[in-house]
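Enquirer: Sequence and predicted structure below; questions after.
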Amino acid sequence: MQLEELSELAAEIQESQQHCDHCVRVCMAAGCQSSGAKVVFDALSEKTAESEHVCVKGVGCMGLCAAGPLVEVTSRGQAPVMYQQVTEADAQEVVDSLGGAPVERLRCPSDMPFFTSQHKIVLENSGVIDPEQIKEYIAADGYRALVHAVTEMTPAEVLREVDVSGLRGRGGGGYPAGLKWSTVSKMPGGDKFVVCNGDEGDPGAFMDRAVLESDPHRVIEGMVLAGYAVGAAHGFIYVRAEYPLAVERLTKAIRDATKQGFLGQNICETRFSFDIEIRLGAGAFVCGEETALMASIEGRRGQPRPRPPYPAQSGLWGYSTLINNVETFANIPPIIRRGGAWFASIGTEKSKGTKVFALAGRIRNTGLIEVPMGITLRDIVFTIGGGVPEGSQFKAVQTGGPSGGCLPEEFLDLPVDYDTLRQAGSIMGSGGMIVMDQTSSMVDVARYFMEFCMDESCGKCVPCRAGTHQMHALLDKIAQGHGSVKDLALLEELCEVVRAMSLCGLGQTAPNPVLSTLQHFRMEYVAKLQEHALPDGGPPASERSATPPAESQETTS
Amino acid sequence: MTDTQHITVATAWLDGCSGCHMSFLDIDERLFTLAQKVDIIYSPLVDAKELPESVDVGILEGSVSSEEDLKKAQEFRRHCKFLISLGDCAVCGNIPGMRNLFPLDAVLHRAYHENVQKNPQIPNVGVPRLLPTVQPVHGVVEVDLFVQGCPPPADVIWHVLSELIQGRTPDPMTLTRFGK
Amino acid sequence: MMKPATPSQVRVVTFKINDRDVSARSDETILQVARENGIRIPSLCYVEGLSVWGACRLCLIELNGDSRLLAACSTRVEEGMEVLTDTDRLRRYRRMIVELLFAERNHVCAVCVSNGRCELQNLAQECGVDHVRVPYRTAVYHVDASHDWFRLDHNRCVLCTRCVRACDEIEGAHTWDTMGRGINCQVITDLAKPWGESKSCTGCGKCVQMCPTGALVRHGTSVGEMEKDRGFLPYLSRMREAEWE
Ligand SMILES: Cc1cc2nc3c(=O)[nH]c(=O)nc-3n(C[C@H](O)[C@H](O)[C@H](O)COP(=O)(O)O)c2cc1C
Ligand code: SF4
Ligand code: SF4
Ligand code: SF4
Ligand code: FES
């Protein structure tokens, strides 16, 4: 296929969509499905089945998951209207209102900052197109980048655009994508692999799931482009089995893309071939770590191994392997379509583009957002997120999940980018963001994340396996008010050792929530320390001295 | 140690087998040299029944297994300027600590019911109550020096005391280890 | 894992370990070169002749001027690197690792068949573990005495997987593996069946000889009696390699 053919196809599809005057989009992502979107969709479809001028579409995530099921109506010549918490019973009213005045009682103000302050690149199609229809993706400029690249660009040119874009890996580490790609491309011939990391194990995070469910073709296109750029012919998408909808949509998308010739042998009648297989993960957090993930794909126990060699040097079955996150790949088609320089114009000096975050916790607008890098935490929490609910007082925002940290009020004006967050004692991570109010105890928060790391430790290396267990026990003791000054000192020492000595990122970052809460909320720990701390009545370590205290006679037996 | 010439020493055994004290006696003829430098003012090996107000060096053998062990360890900590855990039981719980793998009730039942034919009962008069878990001495009070071994060889005990007499901090790790 | 470098890529590099100039082939690891030069780096999971596992973390070293630590057993040497093997920081960290191991399972050296011949015990002494600061877990572990000749005591296992690798890579039986996550991880024979019922075990005893502690021993050994002989390994692994080529 040449670019003109693709353009013609896109135009054709767009035209066929023109016939309908009212387009009713129902969010069918997992969030809204869990609040009953399916029945709403069925009801709306049934009631409009007769009408030629109305089309009802199941689309991907619209973002404001807390207000689901969400329905958006676009009528020709009118601004779109969004409805929230729509039920089956509301369907008739919505259908009746088409062409007339909107149903005010269901209206979700789409001019609120939650929608207007976002900047969508990765999620540009999310909530707009039907993810199960490859046509819709094509009509929205999909596969343009791919056709353009394989027919008109050299792999080196594709690589250059990614390099120029300044895109950094969205899986947590923030490693420059261009650099990783060029390392793999330079590895001497033979087979190479492209792996998409969709393991997404952080508690509360669902950015990658939303992308896979709402716009699977975008990820596929990104992977094919990567394969073209680095010289790989095979790809794997590793998705956790807990994401059945994502798996279902990906499976269909791969089949459809293959049928259209965007995947498989001789893509666009060139000599370039690329196929993609899905691999299901069993939901171990550590399997998101790249070396453990590859072991899992190979059919071995999902445990990390020392790096180097990095996957780029020796990955799947010993072959050079490019591994990137779902969101990283989802950024690639627009970068190739619009140029690396365009992408680099968004964001900050060292962190380009946008980032998807999953907002959760004590915040009004929970859901999925995409914002430009460099936006302040305050804008995210208060402008987009609508701040904490009535009666609550903001206390901290947790970023980076179990590898991240908690930042208090003073840090809200920091720009969100990889380096600033790290300096402040947290990390960008993969995009989980939890807002906490005065009711959260920071010691409890640290204990919660430590429990998570302890449970998810693979058990391979000593500091993480035994260290997280000990740290959790100490946090538990302190949280229950039995801790002593000595326990706190031991906890801090363990944090240092586990961070420095662990084999993989899980152990290396497991102490982060403790360290950051100690850095910013140390008083909460100290307040919980008990002076007479040992349950069996021994004197607290803090009182020990090499000489006997003067007033010690009373209990001499 | 302010007085490098003459130091006072108190010793006690908690939950141990007295082997460490025997090893102490095994320093043989060096005991005479020691006697010129050291006053043993409280010990199962001597007659004194009261722990004096202030002691230079306290030495504890055995782990902390009963309420009495706990009291004794705390008392030693209060009265001794320098406290030594002597032997593996004191340092790591060792043999007495092996009962930690079972609930205390099960241990007592095994000892006083299952293995007894006549009139089984758990003694509770005149014996100190057992703690739910056996702890090394440093689990209940701060300890200044650890001397490993089961029992620590006499040479190590000699090294420790002679270094202390000379006002130096001994380094028993060069001579002993767990299980030595 | 690490594929052996092809001969054409191998160069001779010179670098420093603790301020001493050493030279090595570029396909060697820091630990190998240190050993060749008689420089001691504590290690537990690495054994010459088995694949690199990198799990005990005792062999971590510093590079002068770099705050990150590297595992000597899994890091290849590089020209000009300045390796420090015995800084205060490393000593402090290693001590904690050994303490964590002692607190994790139940080590009662005084009554252990490996007393006096145990690598963990020696490491404790070497790393200055005069007592264990973290609380003992005192979790209950079982002893599998079902095998005709050997015994597995989980209480003494440090999860170095030397048994797993010896069985898989040298004997070729793969009787051993690990099961469970995190602190619940343990070694298993076949599909977590008693060792005595194992269909794959050939009874060669290589795992027993490779085990650094009193976890794998011969029946009938009493306190301090279990001596291990590892002389066979370098020879067998050389023969294996030759066979692969
Ligand atoms: C414990 C652990 C869990 C991880 N989980 C994920 C994950 O769920 N998704 C992901 O993309 N990367 C995860 N990573 C990061 C990957 O190892 C790897 O760096 C990433 O997939 C590279 O892609 P990127 O450069 O596009 O970010 C995890 C890392 C660690 C240490
Ligand atoms: S740090 Fe934790 S998860 Fe990573 S290898 Fe070590 S034990 Fe496994
Ligand atoms: S295995 Fe080693 S460290 Fe453990 S009890 Fe036996 S001798 Fe001691
Ligand atoms: S049984 Fe021995 S060799 Fe096997 S993992 Fe445990 S300590 Fe290592
Ligand atoms: S010897 Fe290097 S990690 Fe164990």
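Expert: Alright, I've got the coordinates. Ligands and ions are numbered 1, 2, ... in the order given.

Enquirer: number of nearby residues for A:P188?
Expert: Neighbourhood size, A:P188 [other C-beta atoms under 10 Å in any protein chain shown]: 6. All C-beta spots, glycine's among them, are computed from the backbone N, C-alpha and C.

Enquirer: oh, I was asking about C:D168
Expert: C:D168 has 17 nearby residues by other C-beta under 10 Å.

Enquirer: Go ahead and report the secondary structure state at C:L152.
Expert: Here C:L152 is recorded as strand under DSSP: H, G, I helix; E, B strand; the rest coil.

Enquirer: Could I get the full set of helices for the stretch 251-400 of chain A?
Expert: For the stretch 251-400 of chain A, the helices defined by DSSP state H, counting those that start in this stretch occupy A:290-297, A:326-338, A:340-344, A:377-378.

Enquirer: Summarise which helices and strands the second one is packed against.
Expert: With contacts taken as 3 or more C-beta pairs under 8 Å, 6 or more residues apart in numbering or on different chains; DSSP states H and E, helix A:326-338 sits against helix A:144-152, helix A:155-165, strand A:192-198, helix A:207-214, helix A:216-230, helix A:340-344.

Enquirer: Of the ones you listed, which is nearest ligand 3?
Expert: Ligand 3 lies closest to strand A:192-198 among the helices and strands packed on helix A:326-338, at 39.4 Å (C-beta to the nearest ligand atom).

Enquirer: for the spatially most central residue of chain B, what are its contacts?
Expert: Compute the mean C-alpha point of chain B, and by C-alpha atoms, centre = their mean the closest residue is B:E61, 1.4 Å away. Going by C-beta atoms under 8 Å, 6 or more residues apart in numbering or on different chains, B:E61 touches B:11-14, B:16, B:18-21, B:86-87, B:89-90.

Enquirer: and stretch A:102-110, which residues are buried?
Expert: For stretch A:102-110, burial by neighbour count (16 or more other C-beta atoms under 10 Å in any protein chain shown) applies to A:102-103, A:106, A:108, A:110.

Enquirer: So which of the contacts of B:E61 belong to helices?
Expert: Among those, the residues falling in helices (DSSP state H) are B:19-21, B:89-90.

Enquirer: and the residues you listed as TSV, adding distance to ligand 4 and neighbour count?
Expert: TSV is the format used below for the ones in helices among the contacts of B:E61 (distance: C-beta to the nearest ligand atom, whole Å; neighbours: other C-beta atoms under 10 Å in any protein chain shown):
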residue	distance to ligand 4	neighbour count
B:G19	29	19
B:C20	29	26
B:H21	35	23
B:C89	25	31
B:A90	27	32
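
Enquirer: before we move on, back to that, turn the contacts of B:E61 into a markdown table, columns for distance to ligand 3 and pLDDT.
Expert: Output for those, formatted as a markdown table (distance: C-beta to the nearest ligand atom, whole Å; pLDDT from 0 to 100):
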| residue | distance to ligand 3 | pLDDT |
| --- | --- | --- |
| B:T11 | 26 | 96 |
| B:A12 | 26 | 96 |
| B:W13 | 23 | 94 |
| B:L14 | 22 | 97 |
| B:G16 | 18 | 96 |
| B:S18 | 23 | 95 |
| B:G19 | 18 | 96 |
| B:C20 | 18 | 96 |
| B:H21 | 23 | 96 |
| B:L86 | 19 | 98 |
| B:G87 | 15 | 98 |
| B:C89 | 14 | 98 |
| B:A90 | 17 | 98 |
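
Enquirer: Give me the pLDDT for the residue lying closest to A:A312 once chain neighbours are set aside.
Expert: Among residues not flanking A:A312 along the chain, A:T183 sits closest, at 4.3 Å (C-beta to C-beta, 6 or more residues apart in numbering or on different chains). You'll see A:T183 listed with a pLDDT of 97.

Enquirer: Tell me what angle the host helix or strand of A:T183 forms with helix A:326-338.
Expert: Per DSSP states H and E: A:T183 is located in helix A:177-186. Here the directions of helix A:177-186 and helix A:326-338 differ by 90 degrees (axes from the mean of the first three to the mean of the last three C-alpha atoms, to 10 degrees).

Enquirer: count of neighbours near A:P334?
Expert: Number of residues near A:P334 (other C-beta under 10 Å) recorded here: 22.

Enquirer: residues in contact with the residue of the stretch 451-557 of chain A at minimum distance from ligand 1?
Expert: Among all residues of the stretch 451-557 of chain A, A:G505 sits closest to ligand 1, at 2.5 Å; criterion: C-beta to the nearest ligand atom. Applying C-beta under 8 Å, 6+ apart to A:G505 gives the contacts A:172-173, A:289, A:403.
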